[in-house]
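A.B. asks: Sequence first, then the predicted structure, then my questions.
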Amino acid sequence: MKPPPAPVTVELLRDAREVRVLWDDDHRSVYTLRYLRGFCPCAACQGHAPSTWTFVPSEDPMVVRIAETGAYALSVTFSDGHDSGIYSFEILRELCPCAACQALLGARHALATLPTDQSL
């Protein structure tokens, strides 16, 4: 079984308020900070056994710190003090908002769970 993709580079662009990831399969993901904070994978944001993603809105989040956790995830500390979300590489890739990833996951993609009036 082939291992899931892993990041080659992770770049925090504070002025653009986004995180860019280049994966080892040459895929590129761009996550706005609002998107990452809103889809935080921690139990407080998603529950203990989520079957679908829940978007938790946050006012203009900034990233204070982003660091690799082990060899499998990123931990992110946001300016609102929230720091319990560990974005495994698998979850981070699953959350990729690009059109190709949305098409691949279909109704299972996080963006498919948003109400039509919810803006990112």
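C.D. replies: Looks like it arrived, so ask away. Numbers count the residues shown, from 1 in each chain.

A.B. asks: And the strands in the chain, which stretches?
C.D. replies: 7-13, 18-23, 28-32, 63-69, 73-78, 86-88 (DSSP state E).

A.B. asks: Burial check on the residue nearest to residue 87 when sequence neighbours are not counted, number of neighbours?
C.D. replies: Of all residues not flanking residue 87 in the chain, residue 74 sits nearest, at 4.8 Å (Cβ to Cβ, 6 or more residues apart in numbering). Yep, even glycine has a C-beta here, placed from its N, CA and C like the rest. Number of residues near residue 74 (other Cβ atoms under 10 Å) recorded here: 20.

A.B. asks: Might one say that residue 74 is in contact with residue 83?
C.D. replies: No - if you go by Cβ atoms under 8 Å, residue 74 and residue 83 don't touch, sitting 11.8 Å apart.

A.B. asks: So which of the strands of the chain is nearest residue 54?
C.D. replies: When the strands of the chain are compared by Cβ to Cβ, strand 86-88 sits nearest residue 54, at 15.4 Å.
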